[in-house]
Structure formats: C-alpha cells, structure tokens
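1. need a structure here:
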Amino acid sequence: MNINFELKGGLNEKNILDIYHCACELLEKMGMEATNTEMLKYLENIDGFEIKDSYIKIKRSEIERCVRYQYENTEQDTIKAYELQILSGYPIYIEDRSEGILRSVSTSDAIEQTKLISGLHRSGVTGSTPVVPQDVHPSLRHLKCFMIGAEYDSGGPDVSIGSPKTAEFLLPMMEAVDKEPILGVFVLNPLKACGDTFDTLHTYHKKFRKFTAGCMPLMGVTAPIYISGALIMALASALGTMAIIRAYVPDAECNVEARCWSVDMKSLNMAYGMPQMVLGDLCYELFRKFFHWGVNGCKAFHSQALKSDAQANGQRGAYAMAMALSGQRVFQYGGLLGTDMVFSPIQLMYDLELLKYVKSVTDGFDFSKESLDIDQIINVGCSGDYLYEDSTLDHYRDLTFRSELWTGGSVTNEILMSKTDQMLCCAKEKIDRIIRQHSYHAPEDRIKELEHIYKCASKRL
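-> Numbering: from 1, shown residues only. The predicted structure follows:
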C-alpha cells in the first residue's frame with residue numbers, strides 16, 4: 001500500500017455549472033466579434049449560429065451539443081508519467097550559458113538547442129526547436145524551425161501553425177515527415193474571433209482533424225478583476241471557439257483551454273507565475289476534469305523572471321507543487337523565461353530537477369507491513385543507528401531524493417571551496433555533454449524534400 005497526497009477543496013460542481021451557465025448566456029446574448037467576412041457568411045448558414053452585424057451569437061443548445069460531444073468522445077484521465085513540454089518555435093532571445101547575458105537567437109543557437117532537446121527526450125522532455133532564429137527573414141522563421149527540428153531532433157519537428165501564409169508550406173512539410181497537423185485556434189482578446197488562427201481555420205480546415213481552442217483573458221484589463229469573472233470570459237471564449245471549430249469540422253478532436261491570466265497593475269504586463277495565476281490554473285484543472293477536456297498540461301513553468309535566478313525557481317517550484325498535488329502530470333513550458341520571450345538551457349536543467357522533486361512528493365511513501373515493523377526498532381535500541389539495517393540498504397535509493405545539480409555538502413567544505421556556483425557549473429556541464437553526444441541526423445532524402453518546400457516558400461514569402 002502506498003500513501004499519496006492531493007489537494008482538496010476549490011470549485012464544487014455547482015460553482016463550475018454557475019460559471020458555465022454565465023458563459024453560455026454571454027455567448028447567446030452578446031456573442032463573439034469577428035472581422036473575417038467570409039467566416040461570418042459561412043457561419044450564417046450553420047444551425048445554432050446567428051450573425052448580427054459583425055457578432056457571432058451562439059445558441060446555448062449548440063454549446064451544450066459541443067460540450068456533450070466532447071464529454072462522450074474524450075477518455076477519462078489516467079495517471080501518466082511526468083512530462084516536461086517545450087514551447088517550440090517561440091522565444092526570440094536566449095540566456096547565454098557562457099556569459100550569462102540575454103541575446104538574440106541565431107540559427108546556430110537554434111541547431112544547438114535542438115540537439116539539447118533531442119538528448120533530453122529520454123528524461124521526459126517533449127517538443128523540439130525551442131528558439132526562433134532571428135537571422136532569418138521573419139516570414140520564414142517558423143519554417144526554418146521546422147527544418148532544424150526535422151534534421152536534428154530524434155523526436156521529430158514540432159512547430160505551431162500560426163497563419164494561412166505559414167500553413168501553405170508547413171502543411172506539406174508535415175506531410176513529408178508523416179506528422180499529423182494540429183491547429184491551435186487562439187482568442188487573442190476575449191470574445192473576439194479574429195486573427196491569423198481563425199483565418200487559418202477558415203482557409204485550411206479540411207487539412208486538420210485535431211484542434212485546441214484557447215484564449216487569454218487578462219484579469220482587470222481585458223476581463224473582470226475577479227478570478228470567477230475572468231473564468232466566465234475564458235470559458236465563453238474557449239467554448240465559443242470550440243463551437244466555431246466544430247461548425248467547420250463536426251467530428252473534430254478538440255482540446256479546450258479556458259484559463260485566466262494575472263496582470264501586474266503597475267506596468268500592465270502579464271504576471272506569469274503569480275498566485276492568482278496558480279489559482280486560475282487550479283480552477284481550470286477542475287473544469288478540465290469535469291468536462292473531459294483532455295490533457296493540455298499546466299503552465300507551472302511560465303515566469304516573468306528574465307534569467308534563471310531565485311525568482312524563476314521560487315515561482316516555478318511553488319506553482320509546480322500545487323499543480324502536481326492537484327493531479328497534473330504534464331508541465332509547460334520548460335526553460336521559458338521573460339514572459340515567453342527568453343529560452344534558457346540553464347533554467348531547463350533546473351526545471352527538470354524541480355520536476356523530480358515534485359514527483360518524489362506525489363509518489364508518496366510506503367505503508368506496508370515491513371514499514372510498521374517495531375521489532376526492528378526494538379532490536380536497534382534507543383541509541384543505535386539504522387545505517388546498516390537491511391531495510392536501509394535495500395530502500396535508501398528509492399526513499400532518498402537525489403539531485404544531479406543541487407549541492408548538499410558541509411558548511412566547512414563550502415567555505416574552503418571557490419566562489420564558483422556549483423549548481424550552475426553542474427548544469428552547464430550537463431548541457432555541454434548532451435549537445436556533444438548528439439548523433440541524430442535525418443535521412444538525406446527527407447531533408448531534400450523539406451529544402452525544396454523551403455525554397456518555394458522563400459520565393460513566395
């Protein structure tokens with residue numbers, strides 16, 4: 001028998017349904033604003049939708065139909081292995097591990113960091129090229145990320161399709177490497193069904209089977225300051241987007257992300273990693289389980305911190321522990337700093353250690369007959385020790401947390417040692433070793449096919 005712990009409390013079923021009913025009422029009375037006239041014309045002929053001026057009003061019956069479909073066609077959660085996801089193809093700066101400074105990403109950086117990610121797949125890291133090379137024309141950057149991932153990552157490339165322009169070339173690239181495309185349809189401003197991802201849905205919906213409906217309501221800025229009010233906006237935005245997706249692809253496999261995001265009211269910047277964001281994510285976790293929204297992962301490794309410092313690790317450690325105790329096992333986004341703009345390989349190493357730490361807590365402890373054996377205690381006596389007991393020798397590896405990076409020597413040794421940050425040195429050595437040992441290279445015929453598509457894109461874009 002094993003003893004495990006989990007968080008209790010939070011929203012109950014009535015609370016969840018109250019927020020859900022408010023979201024449905026919002027979609028029915030106000031709807032979502034759209035600017036794509038072709039999309040408006042298309043939805044005008046779909047049952048359950050009413051177009052008034054530039055607003056898409058969605059009947060409650062249509063939302064409930066989509067929610068019911070999702071519930072019936074999504075498998076219940078199963079406890080899975082811990083996973084650390086990388087936000088592929090997004091950060092434009094890198095924390096230089098040699099000099100400790102932030103600088104713009106180059107193509108050579110993108111290749112090197114892709115080799116690092118490839119070497120970490122066996123440690124539970126998923127994703128691919130974690131940075132976007134800035135020495136490439138802006139319209140070609142995501143294509144270049146895909147090329148680098150295809151060539152150097154043993155797990156294959158992983159890049160989001162963000163616009164119709166990139167979709168035209170990323171879709172054949174994905175086909176060339178046998179990768180199923182997934183379209184994230186994202187509401188940049190709550191209840192506004194506008195932007196590149198909606199345009200991509202309208203233009204290329206026949207190319208996709210899997211989707212994610214997401215949104216980003218900012219508490220006190222684009223959504224009410226209350227977490228509950230922001231959750232209404234999040235739920236309405238995500239459910240409305242899911243309904244629009246299903247209007248195009250009736251049997252779509254659609255994950256839903258209805259999160260709310262905290263804001264620093266002094267600067268009006270997004271405040272990743274703040275307590276309000278943790279509470280919002282805990283609420284989303286309850287929504288996810290209640291409605292069968294599939295596994296999207298938690299945002300525990302988001303951080304405002306610009307470098308791999310005390311702020312970054314403090315925020316991430318507290319956030320990750322709360323989410324792990326709520327039952328989450330998929331964590332986003334490893335190594336990410338500076339409100340998603342900075343990738344740090346050093347922070348990625350720290351994140352892996354944090355994940356091992358929270359896993360050690362959620363794994364719990366043994367409560368077997370052997371663990372309750374008082375005869376052993378009597379035999380050792382009041383002043384004895386357990387260092388050479390069979391139970392200690394047999395189980396100390398399982399029951400003792402061991403880190404590859406953290407220091408734990410005596411104070412005397414620390415005083416005698418140099419002022420070098422030992423944890424940082426260990427992280428750098430691990431990164432260098434993984435990159436140095438990288439050996440994967442994609443087949444030449446596959447690379448040539450991708451290069452041909454990339455050249456066509458270069459001429460067009």
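
2. From residue 325, how far out is the nearest residue to residue 1 once chain neighbours are set aside?
-> Distance criterion C-beta to C-beta, 6 or more residues apart in numbering; nearest residue to residue 1, sequence neighbours excluded, is residue 367 at 4.8 Å. Using the backbone N, CA and C atoms, a C-beta is placed for each residue, glycine as well. Distance of residue 367 to residue 325, computed by C-beta to C-beta, to the nearest Å: 18 Å.

3. Give the residue from these two that has the larger number of neighbours.
-> residue 325 (17 against 11; other C-beta atoms under 10 Å).

4. Name all residues that make contact with the closest residue to residue 93 other than its chain neighbours.
-> Spatial nearest neighbour of residue 93, chain neighbours left out: residue 342 (4.6 Å); criterion: C-beta to C-beta, 6+ apart. Residues near residue 342 by C-beta atoms under 8 Å, 6 or more residues apart in numbering: 91, 93, 94, 95, 102, 306, 307, 336.

5. So which of the residues you listed is surrounded by the most neighbours?
-> Ranked by neighbours (other C-beta under 10 Å), the contacts of residue 342 are led by residue 336, which has 28 neighbours.

6. ok now do that one, which residues does it touch?
-> 87, 91, 301, 302, 303, 342, 343, 344, 347.

7. Can you tell me how far it is from residue 23?
-> For residue 336, the distance to residue 23 - C-beta to C-beta - is 29 Å.

8. quick revisit: just confirm the residue nearest to residue 1 contacts residue 2, I think it does.
-> Yes: checked against C-beta atoms under 8 Å, the pair residue 367 and residue 2 is within contact range at 6.7 Å.

9. number of nearby residues for residue 83?
-> By other C-beta under 10 Å, neighbour count at residue 83 equals 17.

10. you'd agree it is up against residue 329?
-> Yes: using C-beta under 8 Å, residue 83 is in contact with residue 329, at 6.5 Å.

11. show me where the stretch 251-400 of the chain has strands.
-> Remark: strands assigned in the stretch 251-400 of the chain by DSSP state E, counting those that start in this stretch are 253-256, 263-264, 269-270, 330-332, 336-337, 342-343, 365-366.

12. Sheet-wise, list the partners of the last one with their directions.
-> Sheet neighbours of strand 365-366, with direction, are listed as strand 2-3 (antiparallel) (DSSP bridges).

13. what residue lies at the spatial centre of the chain?
-> In the chain, the centroid-proximal residue (C-alpha atoms, centre = their mean) is residue 332; its distance is 3.0 Å.

14. residues contacting that residue?
-> Neighbours of residue 332 in contact, by C-beta under 8 Å, 6+ apart: 85, 87, 297, 298, 299, 300, 301, 302.

15. Help me confirm that residue 434 comes into contact with residue 117.
-> No: Residue 434 is not in contact with residue 117 according to C-beta under 8 Å; the separation is 9.2 Å.

16. Compare the two (neighbour count), which wins?
-> residue 117 (28 against 18).

17. what pLDDT does that one get?
-> Note for residue 117: predicted pLDDT of 98.

18. go on, residue 79?
-> For residue 79, pLDDT reads 62.

19. Residue 1 too?
-> So residue 1 comes in at 82 (pLDDT).

20. which residues of the stretch 51-200 of the chain score low on pLDDT?
-> 76-79 (pLDDT under 70).

21. can you pull out the strands in it?
-> According to DSSP E, counting those that start in this stretch, the strands that the stretch 51-200 of the chain contains are 55-58, 83-85, 93-95, 102-104, 125-126, 182-187.

22. Which residues does the host helix or strand of residue 445 contact?
-> Using DSSP states H and E, residue 445 sits in helix 444-460. If you take C-beta under 8 Å, 6+ apart as the criterion, helix 444-460 is touched by 137, 139-140, 143-144, 146-147, 150-151, 168-169, 172-173, 176-177.
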